[in-house]
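Novice: Need a 3D model of the sequence below.
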Amino acid sequence: MSLSELSLYSDRLYMAAVGVYVLAMVLHGIEYAVERAAKPVLVGTGGEEIEAGADGAVLDRPAVDAGTDAPAVRPPSERYGRMAVSLVVLGAALHLFSIVFRGLAAQRWPLGNMYEFTSAITLAAVVTWLVMLRRHPAMRPVGLFVLFPVVVLLFLGGTVLFTPAEPVMPALQSYWLVIHVTTISIASGLLLVPGVASLLFLLRRSGKLTGFAERLPSADALDRLAYRVTIIGFPLYTFAVIAGAIWAEAAWGRFWGWDPKETVAFVAWVVYAAYLHARATAGWRAERAAAINVLGFAVMIFNLFFINMVVAGLHSYAGLPG
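Specialist: As a prediction, the model looks like this:
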């Protein structure tokens, strides 16, 4: 198989993954729209409807009413939700193969430009979401809101940011590309999920749009999701920043030079550190901490797009199409 054929397959797999994610997002939207209540319903011996526990734990396992063998009656939204999750798994597999084929076509590690970087970040976000969903099935209604930024980023990556598969410039031909850019991609994808969760938490606690927000998991569940993923993503992000400083010393002769991308990356690190501190501080654990987490997510996205695409600096090698 020629390199051009590998590149073509990579592009087609990328487009197929986007299409599958869009379809999954639509099914999640239907699930969200038709869900009658946040709690599943059991049928009692007399035909009466009995609500299950508030944690929604029975959503993904057979349940019976006490003293009867009647199985749980799954709401119609359950079918749409399960189909959506299955499509997300399929989309993630297609997405992964598109990245692998991209690397084979370019004959290098597939993280050399903005198109590839965005693809890696979104895949990390999707995999993070699937892992969290496996552990906490009741969080499935959040899938619609996780997939939305993923689809938007992939659309921008496949249009505005797309570049053909080719070797990278000499400055990027280093093993630190594998270490630094891979870890920053995974960390950024991880931190996308708590950013969305904190936004939904603020919406839930605001008391506004009650008809829209009441189908979301509880505010406490969203807050726990944001915190648990952040405490995994933050150390990885910290390592990525340190690795970038070491690479900068090898490439430019200094560990830190207050380049625009370095500066904003450091600002994002400070914001996430402030979130974790606020989350452990009495009086800051709720809305204030969540607002800080959302700010960190906004700074990270700003660094990804505006700094790479608009501001000139030593990191201005995004590989944008001319």
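Novice: Just checking the distance from stretch 137-150 to the centre of its chain.
Specialist: Its chain's C-alpha centre and that of stretch 137-150 lie 9 Å apart, by CA atoms, centre = their mean, to the nearest Å.
Novice: can you offset everything so residue one is 135?
Specialist: From this message on, residue numbering opens at 135, which makes the last subject stretch 271-284.
Novice: What residues sit buried inside it?
Specialist: 271-281, 283-284 (16 or more other CB atoms under 10 Å). (Each C-beta comes from the backbone N, C-alpha and C, glycine too.)
Novice: For the host helix or strand of R338, list every residue counted as buried.
Specialist: Assigned by DSSP states H and E, R338 belongs to helix 316-340. For helix 316-340, burial by neighbour count (16+ other CB under 10 Å) applies to 316-339.
Novice: thinking again about what came up before, check the buried residues of stretch 271-284 against L140 and report the nearest one.
Specialist: Of all the buried residues of stretch 271-284, V284 has the smallest distance to L140: 24.4 Å, by CB to CB.
Novice: Settle this for me: that closest one is touching V156, isn't it.
Specialist: No: counting by CB atoms under 8 Å, V284 sits too far from V156 to count as a contact (10.0 Å).
Novice: Using the three-state scheme, assign R388.
Specialist: With DSSP: H, G, I helix; E, B strand; the rest coil as the basis, R388 sits in coil.
Novice: Tell me how far it lies from I313.
Specialist: Distance, R388 to I313, by CB to CB, to the nearest Å: 19 Å.
Novice: ok, now H411?
Specialist: 28 Å.
Novice: Give me the more crowded residue out of the two.
Specialist: Taking other CB atoms under 10 Å, H411 and I313 do not tie; I313 has more neighbours (17 against 12).
Novice: So the more buried one is in contact with G378, correct?
Specialist: No: with contacts counted by CB under 8 Å, I313 stays clear of G378, the gap being 9.2 Å.
Novice: could you pull out the helices for the chain?
Specialist: With DSSP state H as the criterion, the chain has helices at 137-168, 210-240, 248-269, 277-292, 309-310, 316-340, 344-347, 353-386, 394-413, 421-436, 442-443.
Novice: now, of the ones you listed, which is deepest in the fold?
Specialist: Of all those, helix 316-340 carries the top mean neighbour count, a mean of 23, counting by mean count of other CB atoms under 10 Å.
Novice: Give me the angle between it and helix 277-292.
Specialist: For helix 316-340 against helix 277-292, the angle by axes from the mean of the first three to the mean of the last three CA atoms, to 10 degrees is 140 degrees.
Novice: on contacts alone, who are the packing partners of helix 316-340?
Specialist: Packing partners of helix 316-340 (3 or more CB pairs under 8 Å, 6 or more residues apart in numbering; DSSP states H and E): helix 248-269, helix 277-292, helix 344-347, helix 353-386, helix 421-436.
Novice: measure R242 to I164 for me?
Specialist: On the measure of CB to CB, R242 and I164 end up 41 Å apart.
Novice: wait, which of the helices and strands packed on helix 316-340 is closest to V401?
Specialist: Ranking the helices and strands packed on helix 316-340 by proximity to V401 (CB to CB) places helix 421-436 first, at 5.7 Å.
Novice: mind listing what H314 touches?
Specialist: Going by CB atoms under 8 Å, 6 or more residues apart in numbering, H314 touches A374, A377, G378, W381.
Novice: mind redoing it with 6 Å?
Specialist: A377, G378, W381 (CB atoms under 6 Å, 6 or more residues apart in numbering).
Novice: Could you do L333 as well?
Specialist: Residues in contact with L333 (CB under 6 Å, 6+ apart) are V428.
Novice: Can you give me the pLDDT of the residue lying closest to W310 once chain neighbours are set aside?
Specialist: Spatial nearest neighbour of W310, chain neighbours left out: W381 (3.7 Å); criterion: CB to CB, 6 or more residues apart in numbering. Listed pLDDT for W381 reads 81.
Novice: ok, now A188?
Specialist: Predicted confidence (pLDDT) for A188: 40.
Novice: and what of A416?
Specialist: On pLDDT, A416 comes in at 68.
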